[in-house]
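Asks: Predicted model and sequence below, questions to follow.
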Amino acid sequence: MKRGINKKGQVWVETVIYTLIAFTMIGLVLSYAKPKIEEIQDKAIIEQSIDMMKEINEKIVEVKEGGAGNKREIILGMKKGILKIDGIEDKIFFEIESRYTYSQLGENIIVPLYAMDLIAHTEKKGKFNTVTLTMDYSEENNITYQGGDELKTISKAPTPYKLFFSNEGGDKTIIDIKIV
């Protein structure tokens, strides 16, 4: 009778030990795989953000070429990062904190767009990188936000944003951006 009880206890101890070993192995795999998965996701988000910036540039070019009074609408969904409309410097930025290193640290990469260039810049901040995508309109256009020269920050949101671009005319074309 004692031998039977001893074997049952041994089976439970072995089961617990094997379960702990399995959890440890899963934990080790996840500790390596999770950052790599996040890095791949961030790379995809950065590439989508470059497409978003291209689309914004295309709308600005369309509005400018259409003449004073011309308006265009764009719907933007942002899952990560922030978009900044800088009416003071006449620039549009997209900034994301990422595990992915898009460009060499501290160096600019030029991504050609229609009628201008997008500048991609990566800086190291702790264990993450800050990737900034910049479009500079200061030479040809005056970018404003809701009629004023101010800095507007648009952060990630579960619902898409509606941005309206309008050509307000002027010697240096005023491109006004509104969010609805």
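Replies: Now that the structure is in, tell me what you want to look at.

Asks: can you give me the end-to-end distance of stretch 159-170?
Replies: Here the two ends of stretch 159-170 are set 34 Å apart, with distance taken as C-alpha to C-alpha, to the nearest Å.

Asks: Residues contacting it, please?
Replies: The contact list for stretch 159-170 (C-beta atoms under 8 Å, 6 or more residues apart in numbering) reads 56, 59-60, 63-64, 66-78, 142, 144, 154, 173-180. Placement of C-beta: from N, CA and C, glycine included.

Asks: Weed out the non-buried ones from those.
Replies: For those, a burial check counting by 16 or more other C-beta atoms under 10 Å picks out 56, 59-60, 63-64, 70, 72, 74, 76, 78, 142, 144, 154, 173-178.

Asks: ok but residue 122 is inside a helix, no?
Replies: No - Residue 122 sits outside any helix when classified using DSSP: H, G, I helix; E, B strand; the rest coil, being strand.

Asks: The closest residue to it other than its chain neighbours and residue 119, how far apart?
Replies: Sequence neighbours aside, residue 103 is the residue nearest to residue 122 in space, at 4.6 Å (criterion: C-beta to C-beta, 6 or more residues apart in numbering). Distance, residue 103 to residue 119, using C-beta to C-beta, to the nearest Å: 10 Å.
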